[in-house]
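J.: from the sequence below, what's the structure:
(one chain, ligands or ions: 2)
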Amino acid sequence: MCGAVTWTYSGDVTRNLVCNCADCQRATSAPFTAFLGMRPEQLRWTGDIRHYESSPNTFRGFCSSCGTRLYFRSDKWPHEVDVHAATLTDPDEYQPHAQVFICSRAKWLNRLQSIPVHEGFQQNPAD
Ligand SMILES: [Zn+2]
Ligand SMILES: [Zn+2]
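T.: Ligands and ions are numbered 1, 2, ... in the order given. Next up is the predicted model:
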């Protein structure tokens, strides 16, 4: 978000997943997150990245300046880094192939098609 971290990738995308798991929900403060699987040796980062261990041998990276979530990686899949699709230069380019952990998908997502929509904030917060 702040521009302090960038990445470039020259390899093939190993998978495109929308993840509904509870850990991703908590880690991103969002109902789901979208990833692109990339090969670590062909992924180049610039900027100061911090990470934490969100579950044993699983790490989540973020920008040290603004906190934007950058990636997920696990020792279970040492040949893949899952980069958040929202960090693409044009996130609209993202085309997911599958949804995973559908068992923990937020129930209220099913209601989105049936509630009012607005271009901006609906109204000012109540005093
Ligand atoms: Zn997940
Ligand atoms: Zn940042």
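J.: wasn't Cys103 part of a strand?
T.: No. Cys103 is assigned helix when assessed by DSSP: H, G, I helix; E, B strand; the rest coil, not a strand.
J.: per-residue pLDDT, the spatially most central residue of the chain?
T.: Closest residue to the average C-alpha location of the chain: His84 at 3.3 Å, with CA atoms, centre = their mean. Looking at His84, its pLDDT is 98.
J.: can you name the residues bridging to it?
T.: Beta-bridge pairing of His84 under DSSP bridges involves Phe35.
J.: how about it, what does it touch?
T.: Neighbour list for His84: Thr28, Thr33, Ala34, Phe35, Arg69, Leu70, Tyr71, Phe72 [criterion: CB atoms under 8 Å, 6 or more residues apart in numbering]. (Each C-beta comes from the backbone N, C-alpha and C, glycine too.)
J.: could you dump those residues to CSV with distance to Asn20 and neighbour count?
T.: Putting the contacts of His84 into CSV (distance: CB to CB, whole Å; neighbours: other CB atoms under 10 Å) gives the following:
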residue, distance to Asn20, neighbour count
Thr28, 11, 18
Thr33, 9, 22
Ala34, 11, 21
Phe35, 12, 24
Arg69, 16, 20
Leu70, 20, 22
Tyr71, 18, 22
Phe72, 14, 25
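J.: among those residues, which lie within helices?
T.: Thr28 (DSSP state H).
J.: which single one of the contacts of His84 is nearest to ligand 2?
T.: Closest approach to ligand 2 among the contacts of His84 (CB to the ion): Leu70, at 8.8 Å.
J.: just flag the most distant two among the contacts of His84.
T.: Spatial extent of these (CB to CB) is set by the pair Ala34 and Leu70 at 13.2 Å.
J.: isn't Asp82 right up against Lys76?
T.: No. In this structure, Asp82 is not within contact of Lys76 by CB atoms under 8 Å, at 11.4 Å.
J.: the two: which is more packed in?
T.: Asp82 (24 against 9; other CB atoms under 10 Å).
J.: check contacts around the more buried one.
T.: Leu17, Phe35, Leu36, Gly37, Met38, Tyr71, Phe72, Arg73.
J.: rerun at 7 Å
T.: Asp82 is in contact with Phe35, Gly37, Tyr71, Phe72, Arg73, counting by CB atoms under 7 Å, 6 or more residues apart in numbering.
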